[in-house]
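Chemist: Predicted model follows, preceded by the sequence.
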Amino acid sequence: MPRALLLPGITLVRLGVCVLLALVLQFGLATEVSTTTAERTDAVRQFYLPTRVITGLGCFSRIAEVVRDYGERTLFVCGQGSLRRSGALDQAVSDLQRAGIGTAVYDAVDGEPTLNMVQAAVDLARQEEVDVVIGIGGGSAMDVGKAAAALCTQEGRVQEYHRGRSLSGPGLPYVSVPTTAGTGSEVTNNAVLTDLERGVKKSMRGERLFPAAALVDPRLTVSLPPDITARSGADALCQAIESFVAIGAQPPSDGLAGEAIRLIGRSLVRAYEQGSDVDARSDMLYGSLLAGMAMTNTRLGGAHGVASPLGLGYHIPHGVVCGLLLPHVMEYSLEHGLAKYAKVARLLGVETQGLSAREAAQQAVIVVSRMMSRIGMPSHLSGFGVKREDLAGIIDQAVPSANLKNNPRPLGAEDLQIILERAL
Ligand SMILES: [Fe+2]
């Protein structure tokens, strides 16, 4: 285990196993999904988060101190984005080298993460004989780094594991560094990857994918342009709300997801309009972090359930499709989680005193719609070329998603037809 890190101005959070699922079989978790609403509190759940989390403005400058706990030769996985252009990445590489840590760089993550990128990073990691991987960037770079760290100790090709082959042992330690406030991938146990050969986008998931450590530094997000701030922030808000109202929600995740909704709710528009506002950037990055902690335990809901086929088929960025669908999924699900959605409204700053639960819940939908419009999220799928006659094919691809059954109103094909028609 890594030694404790005690640095001035930096907070270290270490969370371990909280609850064991002792009575899952007795309660029948699988059947819970189809018979309960998000407002039931008697389901037995597990909360697990083994990732060491380091937060604080400027904490990225301590990367060598963190990485030294895990190895002596590291592979950076990143894109060609602003971090590289600004020189921050070169600075980190030279800090590591000064600390005696060898570095190699795979910087070809571009767009949505693919199996080819993971395979290339794995090949480089093996060639350079690294013993720790660092993923730095948005969700794409972090997911490629996460999968590469897990897979470079395994035999065979990356594709086999994406198709379901089990990992036979631990991967390399993985350190994640988010530069967007969006996916929460820095603390989650999955990597969303696209197999271009098969045209399939899906998650690899498992305990061995949890990062060993996450360095969460809001300063890295200050230079993000408004469009990326908007779509990554829409994803973070969607994840926070879908986790909060999910059938898989539980007391620990409620605390995390609820606070995520509050932080993102008060700062998303400000971060979009005034990118240099460090307080807004901090709210957004810590909000997406908390949402990640929650959702890796609860899973998500309807918007995420249908996001992959829409994103892959129509080249809609993940955050955009989530932000576009979120108000529609909330509206459709409202009656199945009135109390939770009313809490969402309060967390988003709505004064709900004097309102009925239904009226308060409806306010959550209104506020989210208004926020999405203020940050320039598109409001119609038809703008991306989605046609009514395409919906059946999209729905066929979406229906196996576990997120649909985790929505407060479990969603089947007929439900998706209604939601997607409203979103057209
Ligand atoms: Fe997402």
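Modeler: All right, it came through fine.
Chemist: Please parse this structure into its domains.
Modeler: In the assignment given by automatic domain parsing, the structural domains of the chain cover 59-216, 231-423.
Chemist: where among those is the average confidence lowest?
Modeler: Ranked by mean pLDDT, the domains of the chain end with domain 59-216 in last place, scoring a mean of 93.
Chemist: distance between the ends of that domain?
Modeler: Between the opening and closing residues of domain 59-216 we find a distance of 7 Å, counting by Cα to Cα, to the nearest Å.
Chemist: now the domains of the chain as CSV including distance to residue 49?
Modeler: Any C-beta I mention is one placed from the backbone N, CA and C, and that applies to glycine too. Supplementary listing: the domains of the chain in CSV, determined by distance: least, Cβ to Cβ, whole Å:
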stretch, distance to residue 49
domain 59-216, 6
domain 231-423, 6
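Chemist: So for residue 43, which of those sits nearest?
Modeler: Between residue 43 and the domains of the chain, the shortest gap by Cβ to Cβ is with domain 231-423, which sits at 7.6 Å.
Chemist: what about the closest residue to residue 204 other than its chain neighbours, how many neighbours?
Modeler: Spatial nearest neighbour of residue 204, excluding adjacent residues (Cβ to Cβ, 6 or more residues apart in numbering): residue 191 at 5.1 Å. Around residue 191 sit 28 other residues, with neighbours defined as other Cβ atoms under 10 Å.
Chemist: Could you check what's spatially nearest to the residue nearest to the spatial centre of the chain, not counting adjacent residues?
Modeler: For the chain, the residue whose C-alpha lies nearest the mean C-alpha position (Cα atoms, centre = their mean) is residue 183; its distance is 2.8 Å. On the basis of Cβ to Cβ, 6+ apart, the spatially nearest residue to residue 183 that is not a chain neighbour turns out to be residue 139, at 3.3 Å.
Chemist: for the one you found, what are its contacts?
Modeler: Taking Cβ atoms under 8 Å, 6 or more residues apart in numbering as the contact definition, residue 139 lies against 113, 180, 182-183, 185, 192, 232, 235, 318.
Chemist: Can you pull the phi and psi angles for it?
Modeler: Main-chain dihedrals, residue 139, degrees, to the nearest 10: phi -60, psi -30.
Chemist: Packing partners of the biggest helix by length in the chain?
Modeler: When secondary structure is assigned using DSSP state H, the longest helix within the chain turns out to be helix 251-273. Applying 3 or more Cβ pairs under 8 Å, 6 or more residues apart in numbering; DSSP states H and E, we find helix 251-273 packed against helix 226-245, helix 278-298, helix 338-347, helix 357-374.
Chemist: which residues of the stretch 51-200 of the chain fall in strands?
Modeler: Along the stretch 51-200 of the chain, counting by DSSP state E, counting those that start in this stretch, strands occupy 52-55, 73-79, 102-109, 132-137, 174-178, 190-195, 200-205.
Chemist: just to revisit the earlier point, thought the residue nearest to the centre of the chain was touching residue 142?
Modeler: Yes. Look at residue 183 against residue 142 with Cβ atoms under 8 Å: they come within range, at 7.0 Å.
Chemist: correct me, but residue 246 touches residue 297?
Modeler: No. When contacts are counted by Cβ under 8 Å, residue 246 is not listed as touching residue 297 (9.6 Å).
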